[in-house]
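>>> let me see the structure of the following:
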Amino acid sequence: HVQLVESGGALVQPGGSLRLSCAASRYTYSNYCMAWFRQAPGKEREAVAVIGSDGVTVYADSVKGRFTISHDNAKTTVYLQRDSLKPEDTAMYYCAAGLGGMLPQLYNFWGQGTQVTVS
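Residues are numbered from 1 along each chain as shown. Next up is the predicted model:
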């Protein structure tokens, strides 16, 4: 059973930084790609960053240079470090596990989401 638990969402000022965390089992990281998605009100869910079990990362163009996805050495937590936050980064952020890539339909498992508001 794959269970993902996000944390770290908050209200932050523009230009600020915030780190989100996603806790999962070692089995999850060994067998799936991990990703962060976000969904703003009235918009479709979009991929932000993806990390494979080999550590290879992919980012959406809108966050390149500002966001960093990583995992801890034990591979039980995936992080999304977000710097230079903008109001348009406001969204519910979701952690996901699946085949990889930037499409939400390629991910089978989802966390409950954590709200980030930049204002």
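
>>> go through the helix-or-strand element of the chain with minimal mean pLDDT and flag the buried ones.
Taking mean pLDDT, DSSP states H and E as the measure, the helix or strand of the chain with the lowest value is helix 26-31, at a mean of 79. Neighbour-count burial for helix 26-31 flags 28-29 (criterion: 16 or more other C-beta atoms under 10 Å). Any C-beta I mention is one placed from the backbone N, CA and C, and that applies to glycine too.

>>> counting by contacts, list what it packs against.
Contact partners of helix 26-31 among helices and strands, from 3 or more C-beta pairs under 8 Å, 6 or more residues apart in numbering; DSSP states H and E: none.

>>> distance from the chain centre to that helix, please.
16 Å (C-alpha atoms, centre = their mean, to the nearest Å).

>>> which residues does that helix contact?
With C-beta atoms under 8 Å, 6 or more residues apart in numbering as the contact definition, helix 26-31 has outside contacts at 2, 4, 34, 53, 71, 74-76, 78, 97, 109.

>>> in ChimeraX, select just the buried ones from those residues.
Per 16+ other C-beta under 10 Å, the buried members of these correspond to this ChimeraX selection:
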select :4,34,71,75,78,97,109
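
>>> ok so, going back, output the least confident helix or strand of the chain as PDB, restricted to C-alpha atoms.
C-alpha atoms of helix 26-31 as PDB (Å, rounded to 0.1, in the frame of the first residue of the first chain):
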ATOM      1  CA  ARG A  26      11.400   3.300   0.800                       C
ATOM      2  CA  TYR A  27       9.500   0.800  -1.300                       C
ATOM      3  CA  THR A  28       7.700   3.700  -3.000                       C
ATOM      4  CA  TYR A  29      10.900   5.500  -4.000                       C
ATOM      5  CA  SER A  30      12.500   2.400  -5.200                       C
ATOM      6  CA  ASN A  31       9.600   1.500  -7.500                       C
END
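
>>> any idea which helix or strand comes after that helix?
For helix 26-31, the following helix or strand on the C-terminal side (DSSP states H and E) is strand 33-39.

>>> partners of that next one in the sheet?
Under the criterion DSSP bridges, strand 33-39 sits next to strand 46-51 (antiparallel), strand 91-98 (antiparallel) in its sheet.

>>> if you count neighbours, what's buried in stretch 38-46?
38, 45-46.
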